[in-house]
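Student: Next one to model:
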Amino acid sequence: MKVFRMIDIHTHTQYSDGIGMIGDNVAEAEKKGLKLVGISDHVHYFTPKRLNTYISEIRQIKKDSEITVLAGIEANILATGVDITTEMAKKLDYVIASAHVWLDPGGIDAYLDLIKIAIQDENVDIIGHFGNVFPYIGYPSYEEYLEIVELAEEYGKAFEISSRYRVPELDFIKLCIRRGIKLTFASDAHIPSDVGAIRWSEKVFKKAGGTREDLLFSELL
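Tutor: Next up, the predicted model:
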């Protein structure tokens, strides 16, 4: 039963490193029966003028779509902070912050420090693909996971469940649900045909005991 396969908040287009247009992503989301799709291109591809064009195009396509279409962006978490301004964030429906830096084996503390920076940033709504680097740098302890979740609870941040990277771990998702941390599904699609490819996200979410109310933007579904 396709109870949760209704939201994909992380998709890319030709506005950054995707190959499809915004309309292509939305059409694929409609085809697959999603209720909500988010366009979330990489922030470093945008000038202020280009961002305005991007948001205007999303808004126009939203008017003609049978589903909810949100304007988002994927920002980068750096040691100096998240590379998005308050002015940019105010124009968007949501901001994903992801760590895209290269870390050496054993760099778990450095990675978790980056995540903490993003959680405390008022412009950030969602932490992207949390833990995709753990196989290379090492895994946190339960206490470290708990610290991250408690901080997210304090600052009202959500985590995406990434089907592309198959993260976070089941135990982390369970911990988020127990503490009331919102979750969302993410294909991280870079081609239109991958939009809505969130089967793993749905599966692990259900296994963790998640319900519709545990999803970010549940009021729009």
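Student: Show me the contact partners of stretch 184-199.
Tutor: Stretch 184-199 has contacts (C-beta atoms under 8 Å, 6 or more residues apart in numbering) with 4-5, 7-12, 17-20, 24-25, 27-29, 31-34, 37, 126, 128-129, 158-165, 201-202, 205, 215-217. C-beta here means a position set from N, CA and C on the backbone, and glycine is covered the same way.
Student: gap between the two ends of that stretch?
Tutor: End-to-end distance for stretch 184-199, by C-alpha to C-alpha, to the nearest Å: 13 Å.
Student: Buried residues, it. List them.
Tutor: Judged by neighbour count (16 or more other C-beta atoms under 10 Å), stretch 184-199 contains these buried residues: 184-192, 194-198.
Student: which ones among those residues are found in strands?
Tutor: Applying DSSP state E to the buried residues of stretch 184-199, the entries found in strands are Thr184, Phe185, Ala186.
Student: Run through the bridge partners of the first one.
Tutor: Here Thr184 shows beta-bridge partners Glu160, assigned using DSSP bridges.
Student: any idea how far Thr13 is from it?
Tutor: 19 Å (C-beta to C-beta, to the nearest Å).
Student: now the last one
Tutor: Plainly put, Ala186 is 15 Å away from Thr13 if you go by C-beta to C-beta.
Student: next one: the second one
Tutor: The span separating Phe185 from Thr13 equals 18 Å under the rule C-beta to C-beta.
Student: and what of Ser65?
Tutor: As judged by C-beta to C-beta, Ser65 and Thr13 stand 15 Å apart.
Student: Among these two, which residue is more densely surrounded?
Tutor: Thr13 (26 against 16; other C-beta atoms under 10 Å).
Student: I'd guessed the more buried one sits against Gly23; true?
Tutor: No. Counting by C-beta atoms under 8 Å, Gly23 is not a contact partner of Thr13; they are 9.0 Å apart.
Student: and the next element down the chain from the biggest helix by length in the chain?
Tutor: The longest helix of the chain (DSSP state H) is helix 48-63. Remark: after helix 48-63, the chain's next helix or strand is strand 68-78, criterion DSSP states H and E.
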